[in-house]
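K.L.:
Give me the fold of what follows.
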Amino acid sequence: MFLFFQKKALGLSISDYSIEIVSLAGSMGKPELSAVKRTILETGIIGKGKILDKEKIKNILINLLKSPNFERDKTNRIVFSMPETQSFVSILEVPLGLKAKGIVEFIKEQINQTLPFSLEDLYVDYKIREREIYLVASPKEVINEYLELFNECNLRSVVIETEFESLSRALIKNKKETALIIDIGAEVTNFGVFDEKGLRLSISNEIAGVKFTQSLEEGLKVPKEEAERVKKECGLNPEKEEGKIFLILQKDVQIGIIWEVRKIEEYFLKKEGKKIDRIILTGGSASLPYLKDYLTYNLEKKVEIGDIWSKIRGAKIKSEELKEGFIFYQASIGAALRGLERNPQESGINLAKKKEL
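P.N.:
So this is what the prediction gives:
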C-alpha cells in the first residue's frame with residue numbers, strides 16, 4: 001500500500017556540454033534512486049544555457065527517457081535545474097521605511113538599474129527574507145523554449161529553479177553552517193555562499209576547465225587533446241611530469257579560485273560578521289587530481305568534494321554509472337529532491353510559474 005502512494009520526481013540538468021537526468025522516489029527523508037542517465041552534447045545544441053537546436057535536444061531527451069528504468073517509473077513530473085548563465089540572482093536590502101505595498105515597485109527599479117534586459121522580457125520570482133529580498137530573473141524567451149521542449153517530450157515542468165538552489169539541496173548537510181559552494185564547470189566557475197537564510201552571495205568568473213586546458217596548450221606547446229589528457233591525469237600533483245603541469249595550473253587556480261575565495265571571505269565577514277565554515281567543490285572540473293588538497297593547504301580550511309550520498313542514503317540503487325561520475329549528477333539529484341517535497345511549486349523560487357512584474 002505504501003509503495004502505491006510513493007511520490008516520484010525527475011530532476012534534470014542541462015549545460016552546453018551535457019545533459020543529466022535522474023529519477024527519485026519516496027520522500028525527502030527517504031529518497032530512493034531509481035534511474036540515472038547522462039549524455040555528452042555536441043557543439044551547437046545548447047549555447048550559454050540557451051537552446052540552439054530544439055529538435056536535437058528533444059530527440060536526446062526522449063531517448064534518455066526511453067531507457068528501461070525511466071519507463072518503469074512512469075512519471076513525467078520534472079524539476080529543471082536552470083543553467084546559471086541564464087538566471088540572474090540579486091540579494092536586495094530592503095530600504096528602511098519601505099512598506100509591503102512598495103516592494104514590487106522597488107524590485108522593478110532595481111531590475112531596470114542592474115539587469116541587461118527590459119522588465120517586459122523577464123520572468124521574475126522572489127522571496128522576502130527579513131530585511132532582504134532574494135530575487136531571481138530569467139529571459140522569457142529562454143524559459144518559454146525550455147517549457148515548450150518539456151511539453152513536446154510529454155514532461156510536466158513542476159519547477160524551474162537555479163542550479164545553485166539544486167546544488168545546495170543536494171550538498172549542504174547542516175543549514176546552520178555558512179557554506180561556500182564552488183561549481184567549477186567547463187567555461188565558468190560559480191561561487192555561492194549559503195547560510196540558514198539560503199543563498200546570500202553569488203558571483204562567477206571564466207577561469208574553469210576550458211581555461212585550464214588552454215593554459216596547458218600554450219605553456220606546454222601541445223595540441224588540445226594532449227593538454228586535456230595531462231590535465232586529467234596529473235592535475236595539481238607536483239610530482240608528475242617534473243612539476244610542469246602543476247606550475248601552469250596553479251596560476252589559474254590562484255587567480256580564479258583562491259583569490260576569489262579570499263575576497264568572498266573578507267566581504268562576507270565584513271557584511272555579515274560570519275566566517276565560511278565549509279567549502280564544497282562540485283562541477284566536472286572539481287575532480288581535477290589534487291585540486292581539493294591544494295585548496296585545503298592554501299586556504300587553510302577544509303575543502304571537500306560534494307557528497308550526494310548523505311542525502312540519498314536510503315537509495316536502493318547506486319548505479320555504477322553514478323558512482324563513477326557522481327559529481328556530474330549533483331544538480332539533477334538536488335532538483336529531483338525538490339520534486340519529492342510536499343509542495344515543490346511553492347517551496348522556493350520557481351520560474352516555471354512565469355511570473356511577471
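K.L.:
Does I327 touch S285 like I think?
P.N.:
No. Using CB atoms under 8 Å, I327 is not in contact with S285; the gap is 9.5 Å. Yep, even glycine has a C-beta here, placed from its N, CA and C like the rest.
K.L.:
Give me the more crowded residue out of those two.
P.N.:
S285 (25 against 17; other CB atoms under 10 Å).
K.L.:
quick check, that one in a helix?
P.N.:
Yes. S285 forms part of a helix when assessed by DSSP: H, G, I helix; E, B strand; the rest coil.
K.L.:
which residue ranges form the helices in this protein?
P.N.:
Here the chain has its helices, by DSSP state H, at 54-65, 68-73, 103-114, 140-152, 163-171, 209-220, 224-234, 244-253, 259-272, 291-299, 320-324, 330-339.
K.L.:
Least confident of these, on average?
P.N.:
Per-stretch mean pLDDT for the helices of the chain is lowest at helix 320-324 (a mean of 57).
K.L.:
Can you say which of the helices of the chain is packed in most?
P.N.:
helix 330-339 (a mean of 29; mean count of other CB atoms under 10 Å).
K.L.:
then stretch 346-353 to CSV, C-alphas only?
P.N.:
Taking Å, rounded to 0.1, in the frame of the first residue of the first chain, the C-alpha atoms of stretch 346-353 are listed here in CSV:
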residue,chain,number,x,y,z
GLU,A,346,5.8,26.9,-3.8
SER,A,347,8.7,25.8,-1.6
GLY,A,348,11.2,28.1,-3.2
ILE,A,349,12.0,30.2,-6.3
ASN,A,350,10.1,28.8,-9.3
LEU,A,351,10.4,30.4,-12.7
ALA,A,352,8.0,27.8,-14.2
LYS,A,353,5.2,29.9,-12.8
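K.L.:
So what touches it?
P.N.:
Counting by CB atoms under 8 Å, 6 or more residues apart in numbering, the neighbours of stretch 346-353 from elsewhere in the structure are 80, 82, 87, 123, 125-127, 134, 136, 138, 143, 147, 157-162, 165, 338, 341, 345.
K.L.:
Of those residues, which count as buried by neighbour count?
P.N.:
Neighbour counting with 16 or more other CB atoms under 10 Å marks 80, 82, 87, 123, 125-126, 134, 136, 138, 143, 147, 157-162, 165, 338, 341 as buried within the contacts of stretch 346-353.
K.L.:
In strands, which of those residues fall?
P.N.:
Taking DSSP state E as the definition of strands, these contribute 80, 82, 123, 125-126, 134, 136, 138, 157-162.
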